[in-house]
Structures are given as structure tokens and as C-alpha cells.
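Chemist: Got a sequence here, can you model it:
(2 chains)
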Amino acid sequence: MERHDAIVIGAGLNGLTAAAHLARAGLKVLVLDRNGRAGGTAAMRVIAPGFTGPAWSLRGAVIDPETYAGLGLAEAGLRVRAVDAGIGWLGPDEWTASLGSGTAQRAEFARHAREDGDAWRRYRRDMLRLADAVSPSLAMASPQPGEAGLAAFGRRLGFASELAAWPRNDMAAKLDIWTESIATILDRYFTSPLVKAHLAGAALAGATVGPSSPMSAWRLLVPFLRTGADATEGSPRLLLPVGGTDALVKCLAGIVEGAGGELRMEAEVTDVKLRDRQVRGVLLADGQEIAASVIVSDLDFKRTILGLFQWKDLPGDLVEAAGRFRMKGATAKLNLALDRLPRIAGVPRDCPALAGGLRLMGGLAEQDKAHARWHMNVVPEDPSLSVFLPSIVDPALAPPGKHVMSVLVNWVPETPHDGPWTDEKKDCLTAAVLEKLEAVMPGLREIVRAQETWLPHEVENETGLTSGDLDQGEMTLDQMFFNRPTPFGAPGGGYATPLRNFYLCSQSTHPGALLPARAGANTAAAILASMKRRQGA
Amino acid sequence: MSGDLPFRRHLRMTPLHSEVAAESRTNDWVERNGFTIAGHLDTPETEVFARYHRATLADISPRFRYRIAGREAMDCLNRLVTSDISTLEEGHFGPVAFCDENGQLVGEGELARIGATEYRLFTEEEVLSWLRRNSTGFQVHAEDVSAESAGIELAGPLAEAVLEEAGFDPVRLLQAGHAQTRDLMGMPVAVLRHVGDVFEFWPEEDDAVPLWRHLMQAGREAGLQAIGERTRNLVRIDRGCPRMGADYLGALSAVSGDHVRTPYEMPGETDVDFGKPVFNGRAALRRMAVQSAARRIVALAVDDARDLTFAIVCKGEHQVGVCTSIAFMPETGQYLAIATVEAAACASGGLTVETEIRRELAVWREKLPARIRPLPAKR
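Modeler: Below you'll find the model as predicted:
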């Protein structure tokens, strides 16, 4: 029987990152994926001949350098581009931009409210301070509350002494970011409704919460968590791979293959073989069995537990936990192939922030309304859009002078209140999105050469992602840190499972959407640490 | 409108830019508070000589100016600053420092009393949002008036002679510490006189160029030299004045608490008046006043004239501090620096700096002795 040191199920970015780290450590790794194109939810797609863009997600891969540290991506040929983080648009005279230069960012916000320029410094300072406090817990398995042993005791002691050293007002801020709403936090700094809508909109792409939802504020922190976020005094820039997800996938696959591993596409795993609650290997759809010492799943938590095993072989509480794990589809996706770069009303073509995308989500009140309608499973009539043009970052993704537009439609119900999605309802949504885009980009309709719309359940069918939930499990405090995906009480945090040698590495695990692909790097570290322990014993 | 969009022009030009550019022999420009200003306009030696022995003119427009006015302006400001400003008379100005609730410096600058209920605050960093948040409940309005005026600094031992030649006798006769609006050539100009023959002119934006030209013309006999920011920076380091943003960070922008400073860590004496019952940071400062600060900002001198760079301050083998501003003083052939040093290490001498010395393509390291310089009276 074919045998490998480790099998990774799913060639998403977390799976490939875990595979690359394991391969670099000397393991013979096999990555299996049922799809024809790697990248998972960040995968790209040919929209029309010559036009390629992120298929399901808004931007595809966003790079956090620390996640890939030690892999040698630059030597493997990866090139990245740091771009300003986007534009918030409410009207031709009412738009603002995230800019990397501190002077420019302050002046940009001051354009809308004089003191908001100065407030940016305080906001940035506080976000970076909070990021500093959270960052250590992102680089490893989240400490488990019930964990025993000297090391865990030491960690708790360290945390307690750190807690005691915080000034009292600082402590309040550190708690607020996890409990308050986006709107409450922004109100503490900014006065301009536009600036607030811009920052909230950036934080809410793909979210299942609205700006006034309690416990939404941590989303504002996300851009500041990436390594190097403090490098500019303005808004943290987005680090995007030139060539998109495909370019990153190629480099990661190259690293796996360079170390004697293999990436096998169109190979669907249907079962994980268990004996005495220890995994032995996998069974493919074509009947082939492959053995491995370690198996890692990059599928979402629900699909992993409920889809890869015979339930009777699993501990009952694990099946129950997977069943309870909340995954909600909240986005639809439109991909457009365009004959030229559209003109955005009021926004000059040379605004560098356009490379980071465009938010057409209205003010805070409209965002809240859109979220409330999603809660009631109403198909949006005035859709809330996050737009990204990957061909600005890498012109090679479209024929010369032409462009690809990736549109994430926020707050789209998984199933409408009046019954399942039909072609008619889908066409209505597409028409509403195009109408909104046309209003912001006059003449857009004439330059659309090809278009496609993907609803949450269609994303699920294509990718296997439960409910088409791009976050792979709702990102609320009860499903974050040591609660993600569920408090197992097993060593290795949320990566190890009660099944020996079976690990989870998808975005369903900590830190989830806080740092893309970090879960994959953390899982590899947890596996290697556990192997080292066993060798030592 | 769109031509002024911040992403297009990261750096703006001051109203005096074209005048200053005409004086430039070097085309050396630096950034300050979002403006392009001259680095050096001539050789460092020429500029420094003029500053210490003749007279110099510089564009200081990038400083922030705030107008604080209202019935309760004085009460409000007294809550913000550490010193007691109720004694500040109309037409006078003085240095002020303001802290957050933890006693860390948020800003420093000069506060001028323009009228019974009107003040001007001059600062290095932007503080508008902070001023507004802290004036809640007071009958006072704070606004940024930086864009309304331009700044010209006339300095040096022959500054008075230049003013006499320019026909600005009322300005010449101004006492140090006075801030008054004068009619100069039919233009209203706010004038501040610092100790040590330094005059600041704040004409309205459109009046800046005629005033600059008139002063340049009048100073020809006295050898008036236009200078850039690098020479002004040298003078600041020579006087041992730390600058926010360079030698320490403001409490509103520093991410790490290690880089903010309390008034007690600053060189010289920052005026903290505990006679005032309430002001920002009072309780924290009260606690600090009885402890000795663990680190101090000091002025250092390194007697060496080679091409070298340094940052780390050592005592024996251990690092005890960091230099944050460094400049070469051509008149004495030594490097001057502002550094933050552990207070315990300041006491007994024996400090060194780890230098990197260059000669053509060769680079090597050397530890050179550094002295803590006694400071002239502040400001």
C-alpha cells in the first residue's frame, strides 16, 4: 500500500502552508484535493478566456510574512506587492481612502473632519497596542483553560503578571475590543460619518455581524495583526502575491515537491481509516487506500468530522460539537471580465488605494440595515458590496488594458425566507448588484464581457465548504481562541483532536480569519512539537 | 479640489517655498509635518557660522498653530498644561507641556496670550482632536489655524541690526517672552521674541513672501543667511532641547510605553505646578515627583571629527542608552547628540558610544568616549 509520513486533506492555503512547513522539516507529505485547482476558498478561476480572478473570495491570498517565515518563498519565486487598503465610497463627493503614508492618511481623514486626521494617530496607536497584546496568542495553539502541567502553569502565571501590569484604562480598552461593537469603538475616535463607514466597511467584508452588533469590534483589529502593520504611520498595507493565489500555491507546492512530497489534485478523500481511535490512512473516491502516520484535514470542521468518518467510530461529544459548530453563508460572489478599467464617480483613476479595493456599503445605518435583513433571510435589494480589481495588482491576470472585477456581495442569506434560491431570485440579485455598480461606475454595463454569480450553496457545491461560509465557522467570541473550533481539552489546542495523529488545520481552527493561513503554520508546529516529544519519550 | 487630494501630494509646500528655493545652492529638502522644507541651503559651515556669528532667516511654517478662544479659555488651558498659566499676561508667551492622565507628555510647545480670552498654541505635533476632547464642558473653541499663516524665524547676534535696517524698531525693542501683533509694512504680523536673539514672525499666508524679501534685503549688509532645517536642528541639539517625534514620542502616537516621557525625564526643569488643584496627569505626576526618574534625556558630545555614525550608548560593556538626534558641529569639530540614558549611568561619567567609522569603502567599529554636556538655561 502507498504510504506517506503525512497526508494533508485539502489543498487550501492552510493545508498547503502546513504541508510546506512539514515538508521543510523533512516529512514526506502527500496533499490531496478533490478540485482541479488548488487554493481552497482563496482559489482562482478563469472567468473568461484570458481573465483570471479570485473565484469565491474577495481578494484570494493575502500574505502575512510570519506565516511563511522559513519556507523560502522568495527563493521559490514569489513576488508580493504592498497596496493601500482600499476606498470607502458613499457618493461622488463622499469617499475616502486608506493610505499607507501617515501624513497622507491624516490629511485624507482631515479632509472630512478636521480633528479626524489627528484622531487617526490615537486610533492607530491603540489598535497596534491591542495587536501587540493579541499577537503572541496567534503564533501558537491557543492556551486551553483546563490545561495542566508546568508549562501551562507558567503561561498562566505570565498572563496574570502581564494583566496586573496593565494600567486600568488600558485594561478596559483591551476588554472592549472583544465585547463592544464596531460603531461604539469608532465613535470614541472619529466624528466623520464617512470615515466611520469606511473603516467599518473594510472590517465587515464577509462578516455575519453588523457595525452595531456586540462583539464585532475586534474586526477593526485585523489589519493591524499582520506582521509589519506598524511599518507605516498610515493604514496597514495589504501584502498581495503578484499572480494571486495561483502564484502562492505554485511556490508552496514547489516546496512540498522539492522535499519529495506530492500534490495530487482531483483526488477526493471519502473516508479516514480509524483503528482504536487512531488514524491509519485515507480511502479515496476511486477506492485507493493510502496509509500515513499523521493525517491533517484542511476541510472545515463540520465537513471533516461529519463527512470523513463513520460517526459510530467517533466519540459522541465530538460529533455533537461538530454538529453544533456554527457555519453560516453570508456572501454571494460576482466575477466580471471587463473591457477596460471602469471609471468610479468622483474617484480619480490614480488613487493608489483603489488597488486595495472599493467598498460600496453605505453608511453605518445602511450597513446595520443590510445586516438586519440578512438575519431575516431577505435577499438584498440594495446590496452591500466589497469590490476588488486583481488586475490592478497584477496586469497579467487579464489581457492588456482589460480588467477582472471581483465583487463580494455581503449579507446574502444562505436560504431566502420565502424558500430556496431559484434562478429567478439569483438573476434578481445579479441585476441589483449590476445596477448598484452601474450607479457608481457609469458605463460599466457596456464593458462587461463576461459575468458569473455564485450563491452560498453553489460555493458549497463547488468547494465543499459547508454553507459557503468563507470564515469557515462564525467568528464570534464563543468560536474563537480556545473555543475554536471547540474546547477539546486535548493538548495542541484546537489543532489536535481526540483521534490520535489526526489534526485540523483549516480556518475553522484558531486564529481563523484573524490571520489567513496562520492556522496551517500553527498546526505544522503543533505536529512537529508532538513528534519531538514522542521521540524524546 | 482633486489636485490637492492627499494621495497625490504627500508633501505640501509652505507659502515661502519658492523664496526659499531661490536661496538654495544645494537642492536639499527634508520633510517636516507633511511639508517640504529646506535641509541645507548652503554648506553646513556657512549656515552654522551665520547662525552663531551673524544672522539667519528660516522658514518655520510647518509648526502647528491652534487658536483657543472663549470665555473659559484660560480655565480650560490651565486644566491641560502642567504649569500655571493664569499669570500669563496679555502679549506674553511661555513654554507649556501637557500630559495625559498617566503623566506622559502628549505635547510641548509655546502658549501665547493674544487677548483676555484668546490664546495661540504652537506645537510640533498635531493635537487638535485631543484639545477638542479635553475642552468638553468648557466655553471654549479650539481650531487649527496653521493654514492661515506662515512662519519666519530671524535669529543670530545681528538679528537686531537686521530689524533696525528693516525699519522694524518696535520689534527690535520687544522683550524676550513677549508675543505681539505688529503692523509691519502695513501687514498685521504676530511676532514672538525668544531669549537668545530669536524672533518669530507669523504673517498671514499672502504676506509671507513680501516680508521674507524685505528682511533678506535689509539683512544684506549684516550678512543675513537663509538656513534650512538641518542647521536649526543642530542649534536645537546644541541647546539640549529634545524634540517630540525625534527624541521621544508623544503619548498619543507611541505604541510602546517605553518611548513616551514624563516631564521629570526631560532635561532642565519642566514647570509642573502642584498648586493648581486640577490638571491632566496631576495625580500621576505627584507620584513621580517624589521618585527619581529611571532614565533621563541628556545632551552628549563626542570629540571626533571623522565620518562616523552612532546610536548605542554604553557604560563598560553594557548598553545604557540610545542617541536619538545627532549632528556634527563644524565650529568645534565634535558630534553633538540628544540621548536617553539610564539615570544611574549618568552620574559618574565613563560613557561611550559605539560608532561605525567610514573611510572610502572601509567601515569599522570603535567605542569612543562621550561626555554629558551641561546645558544652558532652557529656552
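Chemist: now stretch A:327-339, how far from the centre of its chain.
Modeler: 15 Å (CA atoms, centre = their mean, to the nearest Å).
Chemist: Dump that stretch to CSV, keeping only the CA atoms.
Modeler: Extracted as CSV, the C-alpha positions of stretch A:327-339 are listed here (Å, rounded to 0.1, in the frame of the first residue of the first chain):
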residue,chain,number,x,y,z
MET,A,327,-21.2,27.9,9.9
LYS,A,328,-23.3,30.4,8.1
GLY,A,329,-23.2,31.5,4.5
ALA,A,330,-23.3,35.3,4.3
THR,A,331,-21.9,36.2,0.9
ALA,A,332,-22.5,35.8,-2.8
LYS,A,333,-19.8,36.3,-5.3
LEU,A,334,-19.9,38.1,-8.7
ASN,A,335,-16.9,37.8,-11.1
LEU,A,336,-16.7,40.1,-14.0
ALA,A,337,-14.4,40.3,-17.0
LEU,A,338,-14.2,43.9,-18.1
ASP,A,339,-13.0,45.5,-21.4
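Chemist: So for that stretch, what gets flagged as buried?
Modeler: A:Met327, A:Lys328, A:Gly329, A:Ala330, A:Thr331, A:Ala332, A:Lys333, A:Leu334, A:Asn335, A:Leu336, A:Ala337, A:Leu338 (16 or more other CB atoms under 10 Å in any protein chain shown). Every C-beta, even on glycine, is put in place using the N, C-alpha and C of the backbone.
Chemist: Stretch B:28-43 now?
Modeler: Across stretch B:28-43, burial judged by 16+ other CB under 10 Å covers B:Trp29, B:Arg32, B:Asn33, B:Gly34, B:Phe35, B:Thr36, B:Ile37, B:Ala38, B:Gly39, B:His40, B:Leu41, B:Asp42.
Chemist: Please apply the same query to stretch B:357-371.
Modeler: B:Ile357, B:Leu368, B:Ala370.
Chemist: Confirm for me that the last one is in contact with B:Thr352.
Modeler: Okay, so that is B:Ala370. Yes - in this structure, B:Ala370 is within contact of B:Thr352 by CB atoms under 8 Å, at 6.0 Å.
Chemist: ok, back up a step: pull the most distant pair out of the buried residues of stretch B:28-43.
Modeler: Within the buried residues of stretch B:28-43, B:Gly34 and B:Asp42 form the most distant pair, 25.2 Å apart (CB to CB).
Chemist: Quick check: the gap between the residue positioned nearest the centre of chain B and B:Leu174.
Modeler: Central residue of chain B (CA atoms, centre = their mean): B:Arg243, 6.0 Å from the mean position. The gap separating B:Arg243 from B:Leu174 is 25 Å, by CB to CB, to the nearest Å.
Chemist: what do you get for A:Trp95?
Modeler: For A:Trp95, the distance to B:Leu174 (CB to CB) stands at 48 Å.
Chemist: So which of those two has more stuff around it?
Modeler: For A:Trp95 versus B:Leu174, neighbours defined as other CB atoms under 10 Å in any protein chain shown are more numerous around A:Trp95 (22 against 19).
Chemist: Can you give me every residue that contacts that one?
Modeler: A:Ile87, A:Gly88, A:Trp89, A:Leu194, A:Gly346, A:Val347 (CB atoms under 8 Å, 6 or more residues apart in numbering or on different chains).
Chemist: Please repeat the previous calculation with a cut-off of 7 Å.
Modeler: A:Trp95 makes contacts with A:Ile87, A:Gly88, A:Trp89, A:Gly346, A:Val347, as judged by CB atoms under 7 Å, 6 or more residues apart in numbering or on different chains.
Chemist: Let me know the secondary structure of it.
Modeler: strand (DSSP: H, G, I helix; E, B strand; the rest coil).
Chemist: any idea how far it lies from chain B?
Modeler: Shown here: A:Trp95 relative to chain B, a distance of 10 Å by CB to the nearest CB, to the nearest Å.
Chemist: Please identify the buried residues of stretch A:499-508?
Modeler: Going by neighbour count (16+ other CB under 10 Å), the buried part of stretch A:499-508 is A:Leu499, A:Asn501, A:Phe502, A:Tyr503, A:Leu504, A:Cys505, A:Ser506, A:Gln507, A:Ser508.
Chemist: would you list the buried residues of stretch B:28-43 in TSV and tack on pLDDT?
Modeler: Converted to TSV, those look like this (pLDDT from 0 to 100):
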residue	pLDDT
B:Trp29	96
B:Arg32	91
B:Asn33	87
B:Gly34	86
B:Phe35	91
B:Thr36	94
B:Ile37	96
B:Ala38	97
B:Gly39	97
B:His40	97
B:Leu41	97
B:Asp42	97
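Chemist: Cross-check these against chain A and keep the overlap.
Modeler: B:Gly34 (CB under 7 Å from any CB of the partner chain).
Chemist: And the buried residues of stretch B:28-43, which is closest to A:Ala113?
Modeler: Taking the buried residues of stretch B:28-43 together and measuring to A:Ala113 by CB to CB, the closest member is B:Gly34, at 17.3 Å.
Chemist: Is the closest one in contact with A:Gly102, as I believe?
Modeler: No - counting by CB atoms under 7 Å, B:Gly34 stays clear of A:Gly102, with 8.9 Å between them.
Chemist: Next, count neighbours for the closest residue to A:Leu477 other than its chain neighbours.
Modeler: Closest residue in space to A:Leu477, ignoring its immediate chain neighbours: A:Met215 at 5.5 Å, by CB to CB, 6 or more residues apart in numbering or on different chains. The number of residues packed near A:Met215 is 18, by other CB under 10 Å.
Chemist: Check A:Asp423 too.
Modeler: Neighbours of A:Asp423 (other CB under 10 Å): 7.
Chemist: Check what pLDDT it gets.
Modeler: A:Asp423 is assigned a predicted lDDT (pLDDT) of 97.
Chemist: now the buried residues of stretch B:357-371 in a markdown table, with pLDDT?
Modeler: Listed next are the buried residues of stretch B:357-371 as a markdown table, based on pLDDT from 0 to 100:
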| residue | pLDDT |
| --- | --- |
| B:Ile357 | 95 |
| B:Leu368 | 97 |
| B:Ala370 | 96 |
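Chemist: can you redo those residues as TSV with secondary structure and distance to chain A?
Modeler: Shown next, in TSV, are the buried residues of stretch B:357-371 (DSSP: H, G, I helix; E, B strand; the rest coil; distance: CB to the nearest CB, whole Å):
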residue	secondary structure	distance to chain A
B:Ile357	strand	30
B:Leu368	strand	32
B:Ala370	strand	30
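Chemist: In strands, which of the buried residues of stretch B:28-43 fall?
Modeler: B:Trp29, B:Arg32, B:Phe35, B:Thr36, B:Ile37, B:Ala38 (DSSP state E).
Chemist: Nearest to A:Met171, out of those: which one, please.
Modeler: Among these, and counting by CB to CB, the member closest to A:Met171 is B:Arg32, at 36.5 Å.
Chemist: how close does the nearest residue to the closest one once chain neighbours are set aside get to chain A?
Modeler: Leaving out its chain neighbours, the residue that sits closest to B:Arg32 by CB to CB, 6+ apart is B:Pro62, at 4.4 Å. In this view, B:Pro62 and chain A are 11 Å apart by CB to the nearest CB.
Chemist: which SS state does B:Pro62 fall under?
Modeler: Three-state call for B:Pro62 (three-state DSSP): coil.
Chemist: Identify the residues contacting residue 331.
Modeler: Just so you know, I chose chain A. A:Gly206, A:Leu408, A:Val409, A:Asn410, A:Val412, A:Pro456, A:Leu470.
Chemist: wrong one, chain B
Modeler: B:Val48, B:Tyr52.
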